[in-house]
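Q: Have a look; sequence and predicted model below, questions after that.
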Amino acid sequence: MISLKDIDRYYQSRFQRTFVLKGVDMEIKSGEFVSIMGPSGAGKSTLLNIIGMLDDPSAGEYYFMDNPVHKLKDKQKTEYHRNHIGFIFQAYHLIENLTVYENIETPLVYKGIKSKERKAMVADILDRFNMVAKKDLFPDQLSGGQQQLVGIARAVIANPTLLLADEPTGNLHSEQGEMIMELLQELNKEGMTIIQVTHSEKNAQYGTRIVRLVDGLVREDIPTNAKSLVAE
Amino acid sequence: MSFYRHFLQFLRVIQRRKVTTLIAIGGFALSLSVVVLLTVFIASEKSMNMTYPNVSNIYRVKSNNNGVNLPTLLADGFSNDVPGIKANTIFRHNYDKVKVNDDFINSLFAIVDNEYLNIFSHRLIYSDAEHNLDVKNNIILTQSYAKKLYGDVNPVGNYMEMRDQQLKVVGVMTDPPVNSSFQFDGLIGEVTSTQYTQRTYNKTTYYLMNHFLQLNEGANPKEVELKLAGMLKDKEGYDNTILEIQPLKEIYFDVKAHSSLPVANSSMLKLLIWISLVILLMGVFNYVSLAVSVNSERKSEIAMRKINGAGAKFIFKQFLGESVFVCVVILLLATMIAVVIAPSFSNILGKNIDLWLLMRSGVSWGLLTVLFIAIVLLAGVVPALIAARAIPVIALKGKGSKKNNLFRQSVLVFQLTASIALLFCVATIWKQIEFAKTQDVGFDRDLLVQINLSYFEKDPSALKDKLLQISNVKNASFTAGSPYYICSSMSGKVEEVDLSDVSSIEVDNDFASTFDVEIIAGRDFRLTDKNSCLINDKLYRKMGWDNLDGKEMFGGRVVGVFKDFHFKDIHHDVGYLKLNKIDELEWVTAMNVRLLGNDFSNTLSQMKNLVHEIDPDLDFRYQFYDDIIAKLYRKEEKQAYAVGLFAIIAILIACLGLIGVAEYTITQRVKEIGIRKVNGATVAEILSMINGGFGKWVLLSFAIAAPIGFYTMSKWLQNFAFKTALSWWVYALAGIVVLTVALITIMFQSYKAATCNPVETLRYE
């Protein structure tokens, strides 16, 4: 599903290149739940942004469902955002002037789904996430965990094939965090490919595979149940 | 549906930023309304006299020393001697009372001849067969005046009474255009006029009129001018006079001409055009700056929409749509503000601003459309483009870019600069007006009153003796013309010295004592003096005389020299002045009376009774010299009011902008303030840090505004021969006022920021 070949990402200043990612090769198959781990500044979020087509690699090739992303135009990337990729962020990034309902509905609108159908879909997911009573509230009226639930609802409502999560529990206390992680695991079991960036070994255990980055290099890429050689 | 949803969502955006939105929309609408009003005003000033169909062929005759009241005998010469002239006419106002059905009506007539109607393309609505103005006591009324007097019936053939004359209505004409220098209630012929402006040189009397020419289509005005240039030269008293012609469309802006027709100051118009441009820019910048900052707050929204599949086009459309909506609101609001403030605007500018006129004409709709599109482009497309171009990854990191800050600060400096400069201009104009009103004019103007005798038809000599018997009258002097109302001037050679523009006033022998003017050489007039004159010091020195033995000037014996005094407004330097002894009191136009004591209302009513004993019909009109002098500067006062109004509006918009910037800056610095407080900064220290930041911008603006203000006002003061100094304290005052207003404006926000609990501000992130 995802194939990264010798991906570099660097920032060019006048005299030197600062590499954030260097020579990253990675294959991710449909249905995997990958956790990207590593210390601050290792390039985890950059890698996630590149996979999510929010950022472009400086060099290398990236194939998404066998299509060369490094050759796509903005418009085509927008199509992928509409149909295949969902995002979750540490800071939730809900639109403050939209209600819970409207926030969740946003991707469907851009996908061009009819109003009636949208209503049914949003109602379904509100029901599933136990948020029916909150649908007319604004984001700043919700707790962090609830906001992140809305964020996930929004990310998955259009039924993307790939869900990208950038430290989804970073701002939450542990109980809420567990709830979110269980939800992600459930979604993965239903067949959704998930890639998350996380600091927490515990959260990483919810996934099927762990990729460890250090200074822009892939140091380790192992299944979750294997013994890590680099983790402290 | 999608439109409706976005509209609702946008309303929420506004609702979350009530203050910012109010500032952006209010400031823009206010500036726009001012600009609309000023545009209407400027357009109507520029189109003065342009509605006459023959406007491009009509010219006014003018002498090289700006006289436009020229002898009527000129008129005969024009059509006979000069090819290229199609027709010529005369014009002068004649203010009088007429009696219709026992009612007295104050009326403004114009003295013209038969050609006037043709040259100025007036149609007769009713008329008798001849409608000839050259027949004595014939009168043609304007449509609205006829309606006022007689209602809707045809008034031709009716009679009305003016003094002892029975005027016969021979026609009703279309009203003069509203936008015309020539306003009147009716036309009478020269033969019918009861009032004369004349000038006597030795024994020749000239009757003075404005002269207008209509040239043939295609005639070269330069050639015509050359042909008539010397037509007055051989006339007594007009030795150096060269005639010129000026196009009708220019006469409204000719402030130099000695004319009773209304004039406008074109430099004032230019100033207003600049001011309106500055105010428009202030409003637009205000709006764009706030729109950009609101959009930068909405960065994460834009990013999220993009990540969820909205393309750049979609974002652009959304934000443009919002801008169009806001622009419509702004336009509506601007129109409402314009309608509300139009009357006070008209008052201050001294001209009725007709908004409906604007609404009716297709051109202005076109202009409005262009303006609207320009506003949407400027205020809508720029923020929308910035929004559409936002790259989600960067946008989500949520840092305001430095570029936006620079733009915001430039806008603030621009607004503050404009405010300070305008304020400085107002202060300087006021200072000059005060200076003009209170300066020492060279004669004692305290309790000196002038009674208008222009329309006094009896022998005035009896009046003076009786007048002096009133206990509170100290002394009095009859004059024809008076200081600040010079009716005649001369040019010519005296003892080989070329003199130009020697003003003269005809006075009796009590002038110097009544006006308290010092005689510095020779002697004052005696009652028995005939054909003699006094000259002012300036003229005496110009002649280079060291005594007055046997000296004569323009046929009068010079008996004395008096100390210079002002007899024109201070736009002009003190010129040459000659006081001629009146031989016959018949032609006097004014009686100047020095009062004693405090009870002048009683004294004035005694004088009124006295005048009415001799001429019961006379409209008793008096003016204190203090008021006469103050009136000279009405125009400047109006300018001061107008510029003052704009200064206030500018400061208002600047304050709105300031609130916006303060809101933004303080929000950005909330964390910094929290950290400083944690590290021991007091509220006072935080306040002085914030205020100092804004004080810096005021200071910078002050530095930019000072030279601009200095340059503008130096130019403006060049209109005056006597000027007040451009003192440093006026600058300082303007700067301090703006600084104070600025600090008061942001006081609330900065206090709130300085007193908030650092625990709150540092909790996030």
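A: Perfect, I can see it now. Residues are numbered from 1 along each chain as shown, chains lettered A, B, ... in the order given.

Q: Enumerate the residues of chain A near chain B.
A: A:49, A:52, A:54-55, A:74-75, A:78-79, A:81-83, A:87, A:89, A:91, A:93-98, A:102, A:106-107, A:109-111, A:115, A:154, A:158 (C-beta under 8 Å from any C-beta of the partner chain). All C-beta atoms are positioned from the backbone trio N, CA, C, and that covers glycine.

Q: Quick one, which of these are buried?
A: With neighbours counted by 16 or more other C-beta atoms under 10 Å in any protein chain shown, the residues of chain A next to chain B contain buried members at A:49, A:52, A:54-55, A:78, A:81-82, A:87, A:89, A:91, A:93-98, A:102, A:106-107, A:109-111, A:154, A:158.

Q: Out of those residues, list just those in strands.
A: The strands, defined by DSSP state E, take in A:87, A:89 from those.

Q: ok, and for stretch B:553-567, which residues are buried?
A: Neighbour-count burial for stretch B:553-567, counted by 16+ other C-beta under 10 Å, picks out B:553-554, B:556, B:558-562, B:564-567.

Q: For A:Arg82, see how far away the closest residue to chain A within chain B is.
A: As assessed by C-beta to the nearest C-beta, chain A sits closest to B:Gly309 within chain B, at 3.3 Å. Applying C-beta to C-beta, to the nearest Å, the value for B:Gly309 to A:Arg82 is 3 Å.

Q: okay, and the common contacts of these two?
A: A:107, A:110-111, A:158 (C-beta atoms under 8 Å, 6 or more residues apart in numbering or on different chains).

Q: which element follows the helix or strand of chain B with the lowest mean pLDDT toward the C-terminus?
A: Here the helix or strand of chain B ranked lowest by mean pLDDT, DSSP states H and E is strand B:198-201, holding a mean of 56. As assigned by DSSP states H and E, the chain's next helix or strand after strand B:198-201 is strand B:204-215.

Q: next SSE after that following strand?
A: Using DSSP H and E, the helix or strand that follows strand B:204-215 towards the C-terminus is helix B:221-228.

Q: Report the inter-axis angle for that following helix versus strand B:204-215.
A: Orientation note: helix B:221-228 sits at an angle of 160 degrees relative to strand B:204-215 (axes from the mean of the first three to the mean of the last three C-alpha atoms, to 10 degrees).

Q: Now do the contacts for the residue lying closest to A:Arg17 once chain neighbours are set aside.
A: Of all residues not flanking A:Arg17 in the chain, A:Tyr10 sits nearest, at 4.5 Å (C-beta to C-beta, 6 or more residues apart in numbering or on different chains). Contact partners of A:Tyr10, counting by C-beta under 8 Å, 6+ apart, are A:17-22, A:58.

Q: Run through the bridge partners of A:Tyr10.
A: A:Phe19 (DSSP bridges).

Q: Next, work out how far apart it and A:Arg82 are.
A: Distance, A:Tyr10 to A:Arg82, using C-beta to C-beta: 30 Å.

Q: where's the residue nearest the centre of chain A relative to B:Lys437, distance?
A: Among the residues of chain A, the one closest to the centroid is A:Leu164, at 1.2 Å (C-alpha atoms, centre = their mean). Noted for A:Leu164: a distance of 78 Å to B:Lys437, by C-beta to C-beta.

Q: now do B:Lys723
A: 14 Å.

Q: which of the residues in the helix or strand hosting B:Ile429 are buried?
A: Per DSSP H and E: B:Ile429 is located in helix B:402-438. For helix B:402-438, the neighbour count (16+ other C-beta under 10 Å) marks B:404, B:407-408, B:411-433, B:435-437 as buried.

Q: With stretch B:545-555 instead?
A: B:545, B:548, B:551, B:553-554.

Q: same thing with stretch B:666-682?
A: B:666, B:669-670, B:673-674, B:676-677, B:681.

Q: Output that stretch as CSV, nothing but the C-alphas.
A: C-alpha atoms of stretch B:666-682 as CSV (Å, rounded to 0.1, in the frame of the first residue of the first chain):
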residue,chain,number,x,y,z
ILE,B,666,-1.1,41.5,23.3
THR,B,667,-2.5,38.1,22.5
GLN,B,668,0.8,37.2,20.9
ARG,B,669,2.7,38.4,24.0
VAL,B,670,0.4,36.9,26.6
LYS,B,671,2.9,34.2,27.3
GLU,B,672,5.8,36.6,27.4
ILE,B,673,4.0,38.7,29.9
GLY,B,674,3.3,35.7,32.0
ILE,B,675,6.9,34.7,32.0
ARG,B,676,8.0,38.2,33.0
LYS,B,677,5.5,38.3,35.8
VAL,B,678,6.7,34.9,37.1
ASN,B,679,10.2,36.4,37.1
GLY,B,680,9.1,39.3,39.2
ALA,B,681,7.8,42.1,36.9
THR,B,682,5.2,44.4,38.5
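
Q: Average pLDDT for the longest strand anywhere in chain B, rounded please.
A: Across chain B, the longest stretch assigned as strand under DSSP E is strand B:85-100. Here strand B:85-100 scores 84 as its mean pLDDT.

Q: What of stretch B:604-623?
A: Mean predicted confidence for stretch B:604-623 is 84.

Q: Over to stretch A:115-132?
A: Rounded mean pLDDT across stretch A:115-132 is 92.

Q: Would you mind measuring the gap between the ends of stretch B:302-316?
A: Start-to-end span of stretch B:302-316 (C-alpha to C-alpha, to the nearest Å) is 10 Å.

Q: swap in stretch B:463-477?
A: End-to-end for stretch B:463-477, by C-alpha to C-alpha: 11 Å.

Q: Quick one: residues in contact with it.
A: By C-beta under 8 Å, 6+ apart, stretch B:463-477 touches B:478, B:507-508, B:510-511, B:513-515, B:591-597, B:599-600, B:602-603, B:606-607, B:610-611, B:613-614.

Q: and it, which residues are buried?
A: For stretch B:463-477, by 16+ other C-beta under 10 Å, it's B:463-464, B:467, B:470, B:472-473, B:475-477.

Q: Select from these every entry located in strands.
A: Going by DSSP E, the strands hold B:473, B:475-477 from the buried residues of stretch B:463-477.

Q: low-confidence ranges in chain A?
A: The model of chain A has pLDDT under 70 over residues A:231-232.

Q: show me where it has strands.
A: A:2-12, A:17-28, A:33-37, A:59-64, A:67-68, A:85-89, A:162-166, A:193-197, A:209-214, A:217-223.

Q: now the angle from the first one to strand A:193-197?
A: Using the same axes, to 10 degrees, one finds that strand A:2-12 and strand A:193-197 are set 30 degrees apart in direction.

Q: hmm, back to that, kindly identify which of the buried residues of helix B:402-438 also come near chain A.
A: Of the buried residues of helix B:402-438, not one also sits near chain A (C-beta under 8 Å from any C-beta).

Q: what helix or strand does the spatially closest residue to B:Ile614 that is not a sequence neighbour sit in?
A: Spatial nearest neighbour of B:Ile614, chain neighbours left out: B:Lys458 (5.1 Å); criterion: C-beta to C-beta, 6+ apart. Here B:Lys458 sits in a region with no helix or strand, counting by DSSP H and E.

Q: Now do B:Lys458: how many residues are near it, please.
A: Close neighbours of B:Lys458, defined as other C-beta atoms under 10 Å in any protein chain shown, add up to 15.

Q: for chain B, what's the longest helix?
A: helix B:634-678 (DSSP state H).

Q: hmm, it touching chain A?
A: No. Helix B:634-678 is not in contact with chain A by C-beta under 8 Å from any C-beta; minimum separation 14.5 Å.

Q: so what secondary structure elements neighbour the helix or strand following that helix?
A: Next in sequence after helix B:634-678, counting helices and strands by DSSP H and E, comes helix B:683-717. Using 3 or more C-beta pairs under 8 Å, 6 or more residues apart in numbering or on different chains; DSSP states H and E, the elements in contact with helix B:683-717 are helix B:266-297, helix B:402-438, helix B:634-678, helix B:728-755.

Q: Tabulate those helices (JSON lines), appending distance to B:Leu167.
A: Below are the helices and strands packed on helix B:683-717 laid out as JSON lines (distance: least, C-beta to C-beta, whole Å):
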{"stretch": "helix B:266-297", "distance to B:Leu167": "39"}
{"stretch": "helix B:402-438", "distance to B:Leu167": "42"}
{"stretch": "helix B:634-678", "distance to B:Leu167": "33"}
{"stretch": "helix B:728-755", "distance to B:Leu167": "55"}
